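Enquirer: the following block contains a protein sequence and its predicted model.
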Amino acid sequence: MVSAEIKKRVEYLRAELAYHSKKYYENDAPEISDYEYDMMFAELKRLEEENPSLYDATSPTQRVGGKALDKFEKVAHAYRMDSLADVFSFEELEDFCTRMSDTIDTPKYSVEPKIDGLSVSLIYENGIFVKGATRGDGSIGEDVTLNLRTVRSIPLSLPEPLSLTVRGEVYMPRAVFEQINAEREAEGKPLMANPRNAAAGSLRQLDSGITAQRKLDIFIFNFQGGELYADGREPQSHTETLSRLAELGFKTLENVGVVDSYESAADHIRYIGEKRDSLAYDIDGVVIKIDKLSDRRRIGEGTSTPKWAVAYKFPPEEKETVLEDITVAVGRTGVLTPTAQLAPVRLAGTTVSRATLHNLDFIKQRDIMIGDVVVVRKAGDIIPEVIRSVSEKRTAACVPFMMPERCPSCGEPIVYDEDGEAAARCVSSACPAQLSRSIEHFASKNAMNIDGLGPQIVDALLDNGLIGDVADLYTLRAEDVQKIERMGEKSAKNLIEAIERSKSAGLERLVFALGIRNIGAVAAAALAKRYKTLENIMNATAEELCEIEDFGEITAKCVVDFFSHEPCRELCRKLSEYGLNTEAVAAETGDALAGLTFVLTGTLPNMSRDEAAEIIKAAGGKVSGSVSSKTSYVVAGEAAGSKLTKAQALGVKIIDEAQMLKLAKGE
């Protein structure tokens, strides 16, 4: 029997922790120190462990995660989670408002920030949070309940026993994103691209303990259905539902405005846009909705988007900063790439301090000088790029950039390609920079996928004389790796295991990993499919290679040139001797997609794009990284970007994940 005193103490601790969690995570107004909170949490956890009968799924201790799943189960949404039609200009917004005015008298609009995250539904039964799911394709999502329970701003119970479903946007706060990337950089791991991708990846972790560490947050932006009031009252407007949801303990959207005209809507969009940089989270636009729910019903729904709402998407964010210097990096193929060193500037979710300048022609065409004020943006909200210099702000201290005459890594003279490229190249086979980049490429995700072998670890292995080429990776021992700074026993063991697993990657990945010039993942797959073994590829002639679809003379020459060098052939022999699989891994499961080319874009609901690509290739299809008139299908997921836009412009057929799977099965 549990004493009344212990029960009372547990109830008190739960109430106190819930109160202080809300003050910290939602109101940003903590009243106690982290230490005091942690002490109460530890006491509650101890009391619950000592008294299992006091278990409560809504206790604050149930947020820490730690349970791992084999896979996510599918969830059919009771209320469809539609996407919104996008508008990209105030003219398009005015057209929308005009259509609304033509349909209903004196419409009012809710104007609210569009959080750049991952959309989810939360289901409550009798006031208890019972299930959470991703949007998926709008009808079917994934059950991520365990992961959502780790989001501290999601109430596990409501103050009233209501049964309802709400929709929200899970996001990663900017400060958390920066902290995680700083830790990943120190560990030599690849950096996350932006907070939105980081949030999506964190929410889809099979281990909820990992999700808990990512400190995700959420804004609730819609009442989907169910009971909003205990007496059965129906809400009259969208903004009323937001106010009511806030009363029930949900963290609702900030900076929401209610307006009655296009002009006022445009003004509020500008207001939100001006606040964009000061927010603790990323937004990528503003949503404009008819506020009155009866007006929405009168306007009706479209085929895949509601007619009563649009999303105004911000144009690519551009900012001015100072180009402080131009440095030159040597890539794995010897190409010298000038890189702009920028005064740090916040751009599309991250702090940008570098951007590639590609080559000397690029710099000349944009009239870029060291010391210039330049305009920068992120291509596709991911890759920083310099658009132009601001010539009117140029000073006498600005100086032109000159490409070095010798390789900055090995000191050998550089040459310019004879095939018309503007690239400057170091052709020394002993160039240490090329060796380092080649090993990094060899270990990368789409190549041999050696987890944990990032740039810093590669450099440390080289600096300590533990490796001299990629083949030497397979001679490493854990005790040798452990001697590297910041590599403990467990980290060293994990790295050796990852290297060992990579032996079974197969021919396609191995050919790509070798870093042959002009041979990307698609070309590597074509070579593996045609020749079956590495030895066959090594002995192929240029004439034979040209018979492969999309292989021209230049690509064929690159393959022949690579394998004509004895050091390259010797490297391949060593890899084979060390136990790497040099044969094609799996036979095709069919030819349902033979002759078809696919492009993948956005976040798919049930698999990664790499997994989708494997399915397409297994069914005989091709996967390309860019959209063209030759593209058969674009497979679009959530938050699809410029590839989707280009496909629409070219009239390429756009399908979702489910349709792609049906095609792959020959249905």
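Expert: Cool, the structure landed. All of these numbers come straight from a predicted model, not from anything done at the bench.
Enquirer: got the phi/psi numbers for the closest residue to Arg63 other than its chain neighbours?
Expert: Excluding its sequence neighbours, the residue lying closest to Arg63 (CB to CB, 6 or more residues apart in numbering) is Thr150, at 5.4 Å. Where you see a C-beta, it was placed from the backbone N, CA and C, and this is true even at glycine. Dihedral pair for Thr150: phi -80, psi -10, per degrees, to the nearest 10.
Enquirer: burial count for Thr150?
Expert: Per other CB atoms under 10 Å, the neighbour tally for Thr150 reads 24.
Enquirer: test my guess that it contacts Gln62.
Expert: No - between Thr150 and Gln62 there is no contact, the gap being 9.3 Å when judged by CB atoms under 8 Å.
Enquirer: where does pLDDT dip in the stretch 551-667 of the chain?
Expert: The model of the stretch 551-667 of the chain has pLDDT under 70 over residues 586-590, 606, 639, 641.
Enquirer: mind doing that once more with 80?
Expert: The stretch 551-667 of the chain contains residues with pLDDT under 80 at 585-590, 603-611, 614, 638-642, 645, 665-667.
Enquirer: where do the helices sit along it?
Expert: 553-564, 566-577, 609-618, 642-650, 657-664 (DSSP state H, counting those that start in this stretch).
Enquirer: what comes up buried for the biggest helix by length in the chain?
Expert: The residue-count maximum for a helix in the chain (DSSP state H) belongs to helix 4-25. Neighbour counts over helix 4-25 (16 or more other CB atoms under 10 Å) mark 10, 13-14, 16-18, 20-22, 24-25 as buried.
Enquirer: check the offset of the helix or strand following it from the chain's centre.
Expert: Later in the chain than helix 4-25, the nearest helix or strand by DSSP states H and E is helix 34-50. Relative to its chain's centre, helix 34-50 lies at 35 Å (CA atoms, centre = their mean, to the nearest Å).
Enquirer: ok, stretch 166-173 next?
Expert: Counting by CA atoms, centre = their mean, stretch 166-173 comes out at 15 Å from the chain centroid.
Enquirer: stretch 143-152 too?
Expert: 19 Å.
Enquirer: what residues does it touch?
Expert: Residues outside stretch 143-152 that contact it (CB atoms under 8 Å, 6 or more residues apart in numbering) are 21, 25, 62-65, 67, 69, 72-75, 120, 122, 129-134, 154, 156, 170, 202-205, 208, 211-212, 216-218.
Enquirer: so for it, what's the average pLDDT?
Expert: The pLDDT scores in stretch 143-152 average 93.
Enquirer: return the residues in contact with the residue nearest the centre of the chain.
Expert: In the chain, the centroid-proximal residue (CA atoms, centre = their mean) is Asn197; its distance is 2.6 Å. By CB under 8 Å, 6+ apart, no residues touch Asn197.
Enquirer: now do Arg569
Expert: Here Arg569 is in contact with 538, 563 (CB under 8 Å, 6+ apart).
Enquirer: now it: how far from Phe598?
Expert: Note on Arg569: its distance to Phe598, by CB to CB, to the nearest Å, is 34 Å.
Enquirer: do Ala76 as well
Expert: Counting by CB to CB, the gap from Ala76 to Phe598 is 27 Å.
Enquirer: on that earlier part again, which ones among the contacts of stretch 143-152 map onto helices?
Expert: Checking the contacts of stretch 143-152 against DSSP H, those in helices are 21, 25, 202-203, 208, 211-212.
Enquirer: ok, these vs Met538, which is closest?
Expert: Nearest to Met538 among those: Ser202, at 42.6 Å, using CB to CB.
Enquirer: so how many other residues sit close to the closest residue to Leu593 other than its chain neighbours?
Expert: Leaving aside its sequence neighbours, Leu593 sits nearest to Gly621 (CB to CB, 6+ apart; 3.0 Å). Using other CB under 10 Å, Gly621 has 23 other residues around it.
Enquirer: so Gly621 is in contact with Val599, correct?
Expert: No - using CB under 8 Å, Gly621 makes no contact with Val599, being 11.0 Å away.
Enquirer: ok so, going back, ok, Ala76 and Phe598, which is more surrounded?
Expert: Between Ala76 and Phe598, counted using other CB under 10 Å, the more crowded position is Phe598 (23 against 9).
Enquirer: who is that one paired with across the strands?
Expert: Per DSSP bridges, the residues bridged to Phe598 are Val623, Tyr633.
Enquirer: thought it was touching Ala619?
Expert: No - using CB under 8 Å, Phe598 makes no contact with Ala619, being 10.1 Å away.
Enquirer: hmm, back to that, got a markdown table for the helices of the stretch 551-667 of the chain, with distance to Lys289 too?
Expert: As requested, the helices of the stretch 551-667 of the chain are exported to a markdown table (distance: least, CB to CB, whole Å):
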| stretch | distance to Lys289 |
| --- | --- |
| helix 553-564 | 51 |
| helix 566-577 | 58 |
| helix 609-618 | 31 |
| helix 642-650 | 23 |
| helix 657-664 | 28 |
